[in-house]
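K.L.:
Sharing a model prediction with you, sequence too.
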Amino acid sequence: MALSDAELVARCRTGDHDAWRELVERYSRYVYAITQAFRLAQHDAEDVFQDTFARAYERLGTLRDDEAFRPWLASLTRRLCIDRLRAGAREEPLEDPDAEATDDTIDELTEALAVHEALAELPEHCREVLDRFFARDESYRTIAEELDLPAGTIASRISRCLARLRERLGEEDPALARLDGDGSSS
């Protein structure tokens, strides 16, 4: 079973380099996606990516709540992106990033990461049927044929697996609140 962020942070504080590697691996795509939300040039995005993890490692001791690693890392990444944009603006004119749109993108990334983590905790049969239905947009019939199951079984399995996912995320999770029974966004 995968360790929680808080457990990994606690291990990092004791000098566990494997725990740090796990945190970097867990959040590398997240940090990179935030840099892309700021529309940084590729070389600037790479620099911010490196700076984010370097500073996070150096300042891990300042994190007040080990459970808050993800939002702390997002905040650090945002500040470094803004600093990079300001530094670039001194060199060449650049339009201001739309802060509200960037925050919305970061919120969407955070929600997607939460759903991804919750899905990883579900049994394989749930991950497969939910992936096929919601991510690949396959019909009940297609899924049933591929898995050699009756279409009615697919419908009930999707319902049960969504209920499990809601339990993992909590009933109030905004990412799941947008899903309705037919798999479309509301």
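P.N.:
That came through fine. Residues are numbered from 1 along each chain as shown.

K.L.:
element containing the residue nearest to the spatial centre of the chain?
P.N.:
Nearest residue to the geometric centre of the chain (Cα atoms, centre = their mean): residue 113, 2.1 Å. For residue 113, the element it lies in under DSSP states H and E is helix 99-120.

K.L.:
now for the helix or strand following that helix, which elements pack on it?
P.N.:
Next helix or strand after helix 99-120 toward the C-terminus (DSSP H and E): helix 124-130. Applying 3 or more Cβ pairs under 8 Å, 6 or more residues apart in numbering; DSSP states H and E, one finds that helix 124-130 contacts helix 99-120, helix 140-147, helix 151-169. Heads up, the C-betas are built off the backbone N, CA and C, glycines and all.

K.L.:
Could you measure from the closest residue in space to residue 118 that isn't next to it in sequence over to residue 17?
P.N.:
Leaving out its chain neighbours, the residue that sits closest to residue 118 by Cβ to Cβ, 6 or more residues apart in numbering is residue 168, at 3.9 Å. Per Cβ to Cβ, to the nearest Å, residue 168 is found 30 Å from residue 17.

K.L.:
Between those two, which has more neighbouring residues?
P.N.:
Between residue 168 and residue 17, counted using other Cβ atoms under 10 Å, residue 168 has the larger neighbour count: 16 against 9.

K.L.:
so what's that one up against?
P.N.:
For residue 168, the contacting residues are 118, 121, 122, by Cβ atoms under 8 Å, 6 or more residues apart in numbering.

K.L.:
quick one, domains of the protein?
P.N.:
For the chain, the structural domains run 1-98, 122-186, going by automatic domain parsing.

K.L.:
and residue 84, how many neighbours?
P.N.:
Residue 84: 19 neighbours (other Cβ under 10 Å).

K.L.:
Surely it touches residue 49?
P.N.:
No. Using Cβ atoms under 8 Å, residue 84 is not in contact with residue 49, being 10.7 Å away.

K.L.:
Which residue in the contacts of residue 168 has the weakest pLDDT?
P.N.:
Lowest pLDDT within these is found at residue 118 (76).
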